[in-house]
Structures are given as C-alpha cells and as structure tokens.
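Engineer: below: sequence and its predicted model.
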Amino acid sequence: MMPTFAYLNDVHIGTGIRARLPYLLEQLGIRRPLIVTDEHLVALGYVDELALDFRCVFDKVATNPTEAQALAGLVQYRQKACDGIIALGGGSPIDLAKIVGLLSCHPGPLDQYAIISGGSPHILNTPPPLIAIPTTAGSGSEVGRAALITLGSGRKLGFLSPHLLPQHVICDPELTVNMPPSLTAGSGLDAISHCVETFCSARYNPVADAIALDGLKRGVKALPLAWAHGDDLQAREAMMIASLEGGLAFQKGLGAVHSLSHPLGSLTEKQLHHGTLNAIFLPIVLEYNLDACVGKMDILASTLELPRRTAVPDFFREFNHRLGLPDSLTDLGLIEDDVIPLASCAYGDHCTATNPRRLEIQDFEKLYQLALS
C-alpha cells in the first residue's frame, strides 16, 4: 500500500482510504494508540468507524487547544500505556496530538520548547509515532512541522520541529462531508490564507511558492462548490489537497494575517475560529503589503485572473462575502477592549518576521482597528 505521494511525510488520499489505518498502525508498530479527537466527532461515529481492537480516546479538545488539555491527554496516554497517537479531526486535535507526543518524552515546562523561546532545537527525535486523519480542510497541520497551543499563562505559542510531523496522513474526503457550510468556509479560508501568505513571505523558497500557487488555484475553485454542495466528493478532495498544499508551503513562513489571528485564538472564552479570523484579516493585510511585494502581487492577480494587483484585496472581500463569512471582528462580538491590547502579542508572534512589510506595534493596532470596522 504505497502512499498517494510522499513529500515531508506519507500522504494517502482518496475516498474510503481510511480503511488503510490498520495496515499503517501495524507498519509503525502501534498496538495501543491514543485517539485524540473531539466530542462532536465521537458523536458522529467517526471513532467507531476506525474499528480498532484497542480503544483509548481523548475527546476533550476545544476549538483552540490548551496546555491543560494536552496535560490531560498525556495522563490518559500514560495510564493506558499507549505506544502511538492517532489525531482525528481538524487542526486543533492534530496540534494537540503533537503536543501530547512532545510532552510524553520531554520534561516540562512546555513553554521552553516554543519557537519564540528558541526551543525548537531542544525537541528531540523521540515522540511516539503519529498518524493524522483530518476531518476538515484548512489547517494543513497534517503535513506541518508546527503546532499551536494556548499555554496556562494565556499566551498562544507555536512549536516547530520536524520531529512533530506525523509519519502518515490519511485524507479521506468522506470524513469532511459533515462539515456545515460555515465551517467549510472558515476552514477553506484558512487553507487559502496559508497559500497566499506563504507565497508573499519574505523568505526565498521557489518550490514552496509553486505549491502555494497550486493550492490557491484549487482552493478558490473548489471551496464555493464544497460550501454549496457538501456531498461533492471531488470538491471535498480538492479542498483537502489545497489544505495540505498550504501546510507544505508554509515551511517558508507566514505573515501578519496569522500574527493578528493567533492572539485572538488565546481568548478561550470566545472560542473564535482561526480560519474565520484569517478570512477577515486577509484582505486588510494584503492592502497593507501591496507595495512591499509588487511582483508577487502581480502573480497573485494573474493566478486569480484579475486585471491588476490592486484588485486582489477586494477579490478576497467579495469571496468571503459570497461564502457568508463575517466582514469584521465586530460581527464576531469583539470590541476594541478585546482586540487592541493584543497588538503587542501580534508584534511578538513568530509569523511577524516573515511578513513582506515591516510592522511595529502601532501598525498592528491600526490593522486591528480596520478589522473592527
């Protein structure tokens, strides 16, 4: 059973391909996997469909996973003497599964391994094997080396290491057909924002640029179809490919869209969807960056079949509107007091360094103001 393709890890794509799971578990020597997922997917019967002889399920994953949840998952992993992890769900369960694996073999505290703490070199090649089974099409975490988690301190931090990468990915479009239109749209804009931001990133990586542009083209074509016709398996598969292409491409870094959205993800009482936030910030940041990467904006315009680069931000405003996504942070119930104090966190985010235009704290304050209006 060869993977559909292998790039950073082995990816298996196709309708019904989740049936390969027992073979992949055997290949990795996993006999007692911890399944990291959420309660909704358990209720849908997705865990039962895995038909595993050994069943250990941690399903307390929230929209924005937390350190406390990772520690609870770790307790279960150890109590049940698990020897591997299956991440079943969107970016939140996949990211949390990575952190559970990290904590299972590295001493605390967790924050010492964060990107901004210089912790990546201290993540060793010892985490248990991990299989990712995405049930959304957006985060790209299934093919990414990174994980995002909100610490007990309230800071949402990124963790990055090739040792966090799942060994196998199972992309079965049948597992995404139960996504409601709003989640389909928000997750899809997460994937598209990855493709756009990594293409505009200041780092040089022409291979990642090519992957990002292909993901962008697939995403803008397939997302309206998947949103309007949830059982369109071709559109669902195309979105899963766009998602993982975004994940592959952001090896070269992201930008201010993600710097702005990450701190809002730490507002655990709000439970804001990351992809929906990215959709709001994308046209605003594109306008801010417009003159800082003229050549790349021209290529984006050409890819989207637009007459000029200045039309790119409005394209995404109209695209969001077409998919019923909110126009502003105010539509999500946020006010200035929620948002403006987070400008310093956005400035310190690990994605800020690769934005094509330099930003200071006051620039983030202005961008948050624009996103509220």
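Structural biologist: Received the coordinates, thanks.
Engineer: low-confidence ranges in the stretch 201-350 of the chain?
Structural biologist: Along the stretch 201-350 of the chain, segments meeting pLDDT under 70 span 268.
Engineer: in it, which spans are helices?
Structural biologist: Under the criterion DSSP state H, counting those that start in this stretch, the stretch 201-350 of the chain contains helices at 206-228, 233-249, 256-265, 274-289, 294-303, 312-322, 336-339, 343-347.
Engineer: quick one: buried residues of the fourth one?
Structural biologist: Of the residues in helix 274-289, those buried under the neighbour-count criterion (16 or more other CB atoms under 10 Å) are 274-289. C-betas here are computed from N, CA, C, even on glycine.
Engineer: try the first one
Structural biologist: Within helix 206-228, the residues scored as buried using 16+ other CB under 10 Å are 208-209, 211-220, 222-224, 226-227.
Engineer: now swap in stretch 224-244 and tell me
Structural biologist: Across stretch 224-244, burial judged by 16+ other CB under 10 Å covers 224, 226-227, 230, 232-233, 235-244.
Engineer: what's the straight distance from one end of it to the other?
Structural biologist: One end of stretch 224-244 sits 18 Å from the other (CA to CA, to the nearest Å).
Engineer: residues in contact with that stretch?
Structural biologist: With CB atoms under 8 Å, 6 or more residues apart in numbering as the test, stretch 224-244 has contacts from 11, 13-15, 134, 136-140, 142-143, 169, 171, 173-174, 176-181, 184-185, 187-188, 190-192, 195, 215-216, 218-219, 221-223, 322-323.
Engineer: if we can go back for a sec, wait, which of the helices of the stretch 201-350 of the chain is closest to residue 3?
Structural biologist: helix 233-249 (12.1 Å; CB to CB).
Engineer: the closest one vs helix 206-228, what angle?
Structural biologist: Orientation note: helix 233-249 sits at an angle of 150 degrees relative to helix 206-228 (axes from the mean of the first three to the mean of the last three CA atoms, to 10 degrees).
Engineer: which of the contacts of stretch 224-244 are buried?
Structural biologist: Buried among the contacts of stretch 224-244 by 16+ other CB under 10 Å: 11, 13-14, 134, 136-140, 142-143, 169, 171, 173-174, 176, 179, 184-185, 187-188, 190-192, 195, 215-216, 218-219, 222-223, 323.
Engineer: among those, which ones are in helices?
Structural biologist: The helices, defined by DSSP state H, take in 184-185, 187-188, 190-192, 195, 215-216, 218-219, 222-223 from these.
Engineer: using JSON lines, lay out those together with distance to residue 24.
Structural biologist: Putting these into JSON lines (distance: CB to CB, whole Å) gives the following:
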{"residue": "184", "distance to residue 24": "27"}
{"residue": "185", "distance to residue 24": "31"}
{"residue": "187", "distance to residue 24": "24"}
{"residue": "188", "distance to residue 24": "27"}
{"residue": "190", "distance to residue 24": "26"}
{"residue": "191", "distance to residue 24": "24"}
{"residue": "192", "distance to residue 24": "29"}
{"residue": "195", "distance to residue 24": "28"}
{"residue": "215", "distance to residue 24": "25"}
{"residue": "216", "distance to residue 24": "30"}
{"residue": "218", "distance to residue 24": "25"}
{"residue": "219", "distance to residue 24": "27"}
{"residue": "222", "distance to residue 24": "26"}
{"residue": "223", "distance to residue 24": "29"}
